[in-house]
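Visitor: no FASTA, just this:
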């Protein structure tokens, strides 16, 4: 998808007689969004926006070691072997040309292959060189500038990391500003650069800091001033939109909220700073027992961080393991201004969300299951593990109309407004979040209307749904049979049956009725197991057990199964 952005000038931090003035240049291609106010706690904003910057430039993907000498030896050996081959080919070609009258252009195929290889090698080498040696220029080539939203009660920024495995959202309550003026609600992109980040480090508590989303930029009607007007066309990779939308859909699902004290966050970061795991497993394990202190265990050292002052308020005991702990180091800057944190957990191996509370500011850090498992690949598995939900189009229209009247709603208030049961409204919110229209504000426990793109997204733009999930949903009910449905003493539900002529299908569901193990003889399961999500046969058997009557009760069943548990 191609995104057009246009800015009048650049975002900057200017010195004034009263202090510093933070001026952000908004995207002229979007609706008017403006805001001006003076920060009451500038240090908190400096540390929070700096942590958000660390999320943007974070890239923990595997980087190869320097093998310059070895590669030089390989090139020399390859050149020597190539010379021998060329001499042999030239001799044979000479013999062949002597036998035929049609001449062959000298070196045509070799020149073509050499030029093609040289082009792609140079292109990849230059991309890696920019990221390593010129981060400022590399930053200008990031997929998309951060997104900022001005709401009646908050102002929040959103961004993705370079490796698309981390999501950051900085929420600032409007009460953090004084002397507000020129307020226009909406969502837009803002120009952001490394120079602006460097200027943010100059913010101090002893001088005034004025924050501005420049409203004058939206009054520019022509491109007469070429020195200040910039227009760019950014080609968004398919994984960006799909990942961002899948993330919003994941955030809209019910989750376990685990409060963590500042001392607990410090203990985690300090231990990870001093130690590096050299062997698996590398998970962060949450041991949750109702009424007991929460224990966070770092594997493989089995380092326990027990939160004695914060007992778990959930209704059942469970153990949840999540990954991505190295990406938590971006939160280190927030420790001096941190009040506490909340961790929102979907389940083992699924995305987790860490909400850092700093008075009137909150930073949400979303982590995919693994660094190499970005939101696109991880999201596909998440789509499969979530029960199929197909809200009615009329319900989506009703929910969208309610958000046009008021940009923030709780689930109960929205259900009352549209006069629909909570399950149907919850399914509609989940769908709108997937389309990039709604965001679930975890710190404030409300849903907000926020269009991530200046145009309305569709399922075709975001990307196709996983074919295994579609095939399982479209499988006729009579093609699926259930021969075993047993729940053991540990709460694990074991299913067996057949689907679409495939016999010997076995599925194990946990207490959340998510697939944790399975067995199938199809090629999809044979090659990937559950790493890419369950195959269509496992999903069909699970859907048959969870919803024996597919003609009705789908939304009711889904809502009862995923209703929030505990706090």
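Guide: Arrived safely. In this text, all values refer to a predicted model and were calculated from it rather than measured experimentally.
Visitor: In this structure, where's the longest helix?
Guide: Using DSSP state H, we find that the single longest helix of the chain is helix 68-99.
Visitor: I'd like the distance from stretch 510-525 to the chain centre, please.
Guide: 25 Å (CA atoms, centre = their mean, to the nearest Å).
Visitor: Give me the distance between the two termini of it.
Guide: 19 Å (CA to CA, to the nearest Å).
Visitor: List the contacts of that stretch.
Guide: The contact list for stretch 510-525, computed with CB atoms under 8 Å, 6 or more residues apart in numbering, reads 316, 318, 347-348, 385, 387, 468, 491-493, 502, 504-509, 530, 534-539, 542, 546, 561-562. To be clear about C-beta, it is placed using only N, CA and C from the backbone, and glycine gets the same treatment.
Visitor: Now the longest helix of the chain: average pLDDT?
Guide: Per-residue pLDDT over helix 68-99 has a mean of 83.
Visitor: Show only the entries of the contacts of stretch 510-525 found in strands.
Guide: With DSSP state E as the criterion, strands contain 318, 493, 502, 504, 505, 506, 507, 508, 509 from among the contacts of stretch 510-525.
Visitor: show me what contacts residue 168?
Guide: Contacts of residue 168 (CB under 8 Å, 6+ apart): 51-52, 55-56, 157-161, 363-366.
Visitor: in which helix or strand would I find it?
Guide: Using DSSP states H and E, residue 168 sits in strand 166-173.
Visitor: can you pull the buried residues of stretch 477-489?
Guide: 480, 482 (16 or more other CB atoms under 10 Å).
Visitor: what's next to it, contact-wise?
Guide: Contacts of stretch 477-489 (CB under 8 Å, 6+ apart): 493-501, 540-541, 543-545, 550.
Visitor: Run through the residues that contact residue 357.
Guide: 338, 339, 340, 341, 342, 443.
Visitor: cutoff 7 Å now
Guide: Counting by CB atoms under 7 Å, 6 or more residues apart in numbering, residue 357 makes contact with 339, 340, 341.
Visitor: Could you tell me the end-to-end distance of stretch 429-438?
Guide: Note: stretch 429-438 ends 7 Å apart using CA to CA.
Visitor: Work out the gap between it and the centre of the chain.
Guide: With CA atoms, centre = their mean, you get 14 Å for stretch 429-438.
Visitor: Could you tell me how many residues sit around the residue nearest to residue 508 when sequence neighbours are not counted?
Guide: Nearest non-adjacent residue to residue 508, counting by CB to CB, 6 or more residues apart in numbering: residue 517, 3.9 Å away. Here the number of neighbours of residue 517 (other CB atoms under 10 Å) works out to 15.
Visitor: Can you tell me the SS state at residue 517?
Guide: At residue 517 the chain is in strand, as set by DSSP: H, G, I helix; E, B strand; the rest coil.
Visitor: For it, give its distance to residue 528.
Guide: 14 Å (CB to CB, to the nearest Å).
Visitor: Kindly report the same for residue 297.
Guide: Distance of residue 297 to residue 528, computed by CB to CB: 29 Å.
Visitor: and if you look at residue 253?
Guide: 24 Å.
Visitor: The two: who's more crowded?
Guide: residue 253 (19 against 12).
Visitor: my guess is that one is in a helix, correct?
Guide: No - looking at residue 253 with three-state DSSP, it is coil, so not inside a helix.
Visitor: right, and it touches residue 346 too?
Guide: Yes - with contact defined as CB atoms under 7 Å, residue 253 reaches residue 346; the gap is 6.3 Å.
Visitor: Which residue, other than its chain neighbours, is closest to residue 431?
Guide: residue 391 (5.3 Å).
Visitor: continuing past the lowest-mean-pLDDT helix or strand in the chain, what's the next helix or strand?
Guide: One helix or strand of the chain scores below all others by mean pLDDT, DSSP states H and E: helix 375-385, with a mean of 45. Sequence order places helix 393-405 as the next helix or strand after helix 375-385, per DSSP H and E.
Visitor: tell me which residues in that next one are buried?
Guide: 395, 396, 398, 399, 400, 402, 403.
Visitor: could the contacts of residue 357 go into CSV alongside pLDDT, distance to residue 275 and neighbour count?
Guide: CSV is the format used below for the contacts of residue 357 (pLDDT from 0 to 100; distance: CB to CB, whole Å; neighbours: other CB atoms under 10 Å):
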residue, pLDDT, distance to residue 275, neighbour count
339, 93, 27, 13
340, 92, 24, 16
341, 94, 21, 23
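Visitor: ok, those vs residue 60, which is closest?
Guide: For the contacts of residue 357, the residue nearest residue 60 by CB to CB is residue 341; the value is 21.0 Å.
Visitor: which residues sit in contact with the closest one?
Guide: 260, 265, 354, 355, 356, 357 are the contacts of residue 341 under CB under 7 Å, 6+ apart.
Visitor: what's the domain layout of the chain?
Guide: Per automatic domain parsing, the structural domains of the chain span 2-61+140-145+169-220, 255-374, 393-462, 467-562.
Visitor: For the ones in strands among the contacts of stretch 510-525, point out the one with the lowest pLDDT.
Guide: For the ones in strands among the contacts of stretch 510-525, the pLDDT minimum is residue 509, 83.
Visitor: which non-adjacent residue is nearest residue 167?
Guide: Nearest to residue 167 is residue 366, by CB to CB, 6+ apart, at 3.6 Å.
Visitor: Let me know the distance separating that neighbour from residue 165.
Guide: 9 Å.
Visitor: any shared contact partners between the two?
Guide: Here residue 366 and residue 165 share no contacting residue, scored by CB under 7 Å, 6+ apart.
Visitor: what about residue 421, how many residues close to it?
Guide: So residue 421, with other CB under 10 Å, has 12 neighbours.
Visitor: Name all residues that make contact with it.
Guide: So residue 421 contacts residue 415 (CB under 7 Å, 6+ apart).
Visitor: Can you check what pLDDT the model gives it?
Guide: So residue 421 comes in at 83 (pLDDT).
Visitor: For it, what are phi and psi?
Guide: phi -70, psi 150 (degrees, to the nearest 10).
Visitor: Quick one: the strands in the stretch 1-150 of the chain, in order.
Guide: 2-8, 12-15, 19-24, 34-39, 147-150 (DSSP state E, counting those that start in this stretch).
Visitor: where among the ones you listed is the average confidence lowest?
Guide: strand 2-8 (a mean of 63).
Visitor: Please tabulate the contacts of residue 168 in a markdown table, including the columns neighbour count, distance to residue 33 and pLDDT.
Guide: Formatted as a markdown table, these follow (neighbours: other CB atoms under 10 Å; distance: CB to CB, whole Å; pLDDT from 0 to 100):
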| residue | neighbour count | distance to residue 33 | pLDDT |
| --- | --- | --- | --- |
| 51 | 20 | 23 | 85 |
| 52 | 23 | 18 | 81 |
| 55 | 23 | 22 | 80 |
| 56 | 21 | 20 | 73 |
| 157 | 21 | 12 | 87 |
| 158 | 22 | 14 | 86 |
| 159 | 22 | 17 | 82 |
| 160 | 26 | 20 | 77 |
| 161 | 26 | 24 | 76 |
| 363 | 29 | 21 | 92 |
| 364 | 22 | 21 | 92 |
| 365 | 28 | 24 | 92 |
| 366 | 26 | 24 | 88 |
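Visitor: Next, format these as JSON lines and append distance to residue 65.
Guide: Listed next are those as JSON lines, based on distance: CB to CB, whole Å:
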{"residue": "51", "distance to residue 65": "29"}
{"residue": "52", "distance to residue 65": "31"}
{"residue": "55", "distance to residue 65": "26"}
{"residue": "56", "distance to residue 65": "26"}
{"residue": "157", "distance to residue 65": "36"}
{"residue": "158", "distance to residue 65": "35"}
{"residue": "159", "distance to residue 65": "30"}
{"residue": "160", "distance to residue 65": "27"}
{"residue": "161", "distance to residue 65": "23"}
{"residue": "363", "distance to residue 65": "34"}
{"residue": "364", "distance to residue 65": "35"}
{"residue": "365", "distance to residue 65": "29"}
{"residue": "366", "distance to residue 65": "30"}
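Visitor: Kind regards, and thank you for your time.
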